[in-house]
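Visitor: Sequence first, predicted coordinates after that:
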Amino acid sequence: VCIHRVRSCSSIRFIKSKYVCVFDKSALKFSHQQRLFRTSAVSCGQIVQFKLSDIGEGITEVTVKEWYIKEGDSVSQFDSICEVQSDKASVTITSRYDGVIRKLHYSIDDIAFVGKPLVDIEIDASKGVASEEDVVETPPMSHEEHTHQEIKGHKTLATPAVRRLAMENNIKLSEVVGTGKDNRILKEDILNYLAKQTGAILPPSPKAEIVPPQRKTEAVPAAPKDKARKVPVPVSRPIAFSGKDRTEPVTGFQKAMVKTMSAALKIPHFGYSDEVDLTQLVQLREELKPLAEIRGVKLSFMPFFIKAASLGLLQYPILNASLDENCQNVTYKASHNIGVAMDTEQGLIVPNVKNVQVCSVFDIAVELNRLQSLGSAGQLGTSDLTGGTFTLSNIGTIGGTYAKAVILPPEVAIGALGKIQVLPRFNGKGEVFKAQIMNVSWSADHRIIDGATMARFSNLWKSYLENPASMLLDLK
Amino acid sequence: MVLQSFKNCLWLSCVLRTPKACFWSTASGGLIIQSVSNDVYQNLAVEDWIHDHIDLEKQQVLFLWRNSPAVVIGRHQNPWQECNLRLLRQKNIKLARRRSGGGTVYHDLGNINLTFFTTRKKYERMENLKLVVKALKALRPQLDVHVTDRYDILLDRQYKISGTAAKLGRTSAYHHCTLLCNADKFVLSSVLKSPYKGLKSNATPSVPALVKNLFEEDPSLTSEMLLDAIAKEYAVQHHTDHHITLINPTDETLLPGISAKTKELQTWEWVYGKTPKFSISTCLNMAYKDSVLNVKVNMDVKHGRIEVCNIDLPEQWLPPGLYSELVKNLTGSKFCPNETTTLVTTLLRVCPQDNELHSRWTLLCENMIRLM
């Protein structure tokens, strides 16, 4: 249903018009982001049938493949309208007119004919005339539907940037005098208008501040006061901030994270942190790195952390357990499938190394390499990502010292490793030496794990790493 | 012979900085440029850039480029229909969607790409292909090559050695084609065979053809020789110097805005999301314990995302709550194995820890993921 208030067709000059034009429902439905200000009647728009122009090479028909606009959208001259295909050639059809799309003559995959109407466009009758109409601002369409140009309404002669500036300052373009070509409204015109309103003199060089747009209601009482005072108050130029909020649905990786963390909320976490002196381990790794490289494997610290954790879990198996939904039963898992948190382009994933209890440090390194390359290529399989029983998160590679990790259900514990820092420490003789210190922060499920268990596990893990030779005693 | 012409470089930077205005040229008629990069996305971005920024009224451009292994699909095609995505991922072969129409091709360093840029009015594919054939014959007169009315170039009347596609804009147009010199035919035929069944789509289908490398016909031919011969013929026909200017597709000062174009071509939304709406209707044959389950699956995929999903499982095979969670999560998510794997493994964390249930779930999900 479209209601137009029609006056005379010849010239459209409304002063301080208060007529509301209700566009038809389809326009409102599709362009729900359109802001309608006090618009005056859009009568006398002539509807022109925009015909499909010659493609060349004697082609008479094409297939419509994608529409960049919908019925009700405003288009400017040269905006892309649709993409058609003919015999291996993809053609972008652009608009010849400024106006509003009133009808699409074809659907996707229809055959369109050269010389026949493609779309109906309602031409701007007011083009070239200093229109009193306010602007209907149509923000750029989502990237899914349109890749190249922004489609904007175009009734008053002003660039989109100028129109936005006016809109954000609640200024009617009809009340601004344009000093550009063809009475075009320039940015300076808006700023001058604003200055006049507030009675301020704008300083020549604007400060880079974001000043919130002045509300019309506030400005009105201020003006007479200023006028009375007659002392110009310098005000920094209101710089329009044209950023917009963007809402998107939560999908994919983010959705997975939402699910996991929401489930983790049910677990009462407690934390336990400590520092570990890795001086000896650092040295050991330096010695072993070239050996591993010869075998074609990159050796980081993680394989040591993982193996030490598994040795610890042998003594404290409750940390490798799972509590059922009703908290009735605890299942002690036989396999130590130790998860390693990985940061990828898409987000957080946690693949796990299976059966660490029967793996050597080198085996773990090989498997980690495999998981890391699959992870960065986005090719991890379901078996890599399921079955984990205990997790380590080496956030220290990015940064940080202490962290509070969230347990990944159905596990009951997780360790977050900070970065390795060189810090001064005292040795047995009371001398200061350079130590390689890393902090570890454990989180555990307080329903079945108590602080003492966590502390003892941590001490054992720490002792293996601070004195790597001791791992040899307990390796299976 | 490939020379870096300083004069042409200077000309290029002058022209490109003020695209529509300043147009002095030392090489009137035609400019020949070659990319130093083998990255398919960077090279496609150069095409976009020239199409958008250069005024081709007085000066036409020939762009020569080669890519490391990649599959390039046409603007309106369906990658699931056209190629073996699983194999591409395994072999680390890139997938790109170009802006021109036409079918799917396999690129590697044994294939050369030629792009002829003209104004929309001067768009003339036959002429360009005849130029290529003339160059080939000048190089090796005994070659039996000719242009078909489908804009293919055939060798010995049988084997396709070149495929064509084109893009037309408001004022500019480009026609590009491939030329098989010494490409890996084995990889080519295996990646261009789609294993995905039950796809129904209105996307442009490719027309498979028997192919042959020019190298097989004459082992003395190399890509460099062919590029040079074509450049020479172009120079003659456009009354210009036979100089090939090298350009770097990562040079933001020469090609302002090029990195944004390159990035866009690599986004999932462009490569997969631009696939026209399609549906999948297939049957999963899942071997479980001692029997084989036939599970009918129906999915609608729009913009690369699952719009509708129906899996016909035997009753109670999965707890109904879990089944509806699966469908709910798949709906709206990308038709992508990585994303689906992440979602389904996460769902496993929050459901009862029952080995039987886990193995059924994993079996079903792995089969679903194989469809992608």
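Guide: Happy to help now that I have it.
Visitor: can you give me the strands in the stretch 151-300 of chain B?
Guide: Assigned by DSSP state E, counting those that start in this stretch, the stretch 151-300 of chain B shows strands spanning B:153-155, B:159-162, B:164-168, B:172-180, B:199-201, B:245-247, B:278-288, B:291-302.
Visitor: How far does the first one sit from its chain's centre?
Guide: This points to strand B:153-155. Taking CA atoms, centre = their mean, to the nearest Å, the mean C-alpha location of strand B:153-155 is offset from the chain mean by 21 Å.
Visitor: Can you report how many residues neighbour residue B:241?
Guide: Using other CB atoms under 10 Å in any protein chain shown, residue B:241 has 19 other residues around it. Where you see a C-beta, it was placed from the backbone N, CA and C, and this is true even at glycine.
Visitor: what are the phi and psi values for residue 170?
Guide: All of this is about chain A. With angles defined as degrees, to the nearest 10, residue A:170 sits at phi 60, psi 40.
Visitor: I was thinking of chain B, sorry if that wasn't clear
Guide: Note on residue B:170: backbone dihedrals following degrees, to the nearest 10 are phi -70, psi -50.
Visitor: Not counting its neighbours along the chain, what's nearest it?
Guide: Closest residue to residue B:170 apart from its sequence neighbours, by CB to CB, 6 or more residues apart in numbering or on different chains: residue A:94 at 4.5 Å.
Visitor: partners of that neighbour in the sheet?
Guide: Note on residue A:94: beta-bridge partners by DSSP bridges are residue A:80.
Visitor: Distance check, residue B:354 against residue B:262.
Guide: Distance, residue B:354 to residue B:262, using CB to CB, to the nearest Å: 48 Å.
Visitor: In contact with residue B:77, which residues?
Guide: B:97, B:103, B:104, B:203, B:204, B:205, B:206, B:275 (CB atoms under 8 Å, 6 or more residues apart in numbering or on different chains).
Visitor: Can you pull the poorly scored residue ranges out of the chain?
Guide: As the question left the chain open, I've gone with chain A. For chain A, the stretches with pLDDT under 70 are A:1-44, A:125-157, A:160-161, A:180-183, A:194-237.
Visitor: I was after chain B.
Guide: B:1-28.
Visitor: Point to the residue nearest the middle of it.
Guide: For chain B, the residue nearest the mean C-alpha position is residue B:72 (1.4 Å; CA atoms, centre = their mean).
Visitor: so which helix or strand takes in that one?
Guide: Per DSSP states H and E, residue B:72 falls inside strand B:70-73.
Visitor: which residues touch that strand?
Guide: With CB under 8 Å, 6+ apart, strand B:70-73 has contacts from B:40, B:44, B:79, B:82-83, B:88, B:93-98, B:103-108, B:191-192.
Visitor: so residue A:120 is in which element?
Guide: Counting by DSSP H and E, residue A:120 is found in strand A:117-123.
Visitor: Can you give me the buried ones in that strand?
Guide: A:118, A:119, A:120, A:121, A:122, A:123 (16 or more other CB atoms under 10 Å in any protein chain shown).
Visitor: just the residues you listed now: which is nearest residue A:435?
Guide: Closest approach to residue A:435 among the buried residues of strand A:117-123 (CB to CB): residue A:119, at 73.5 Å.
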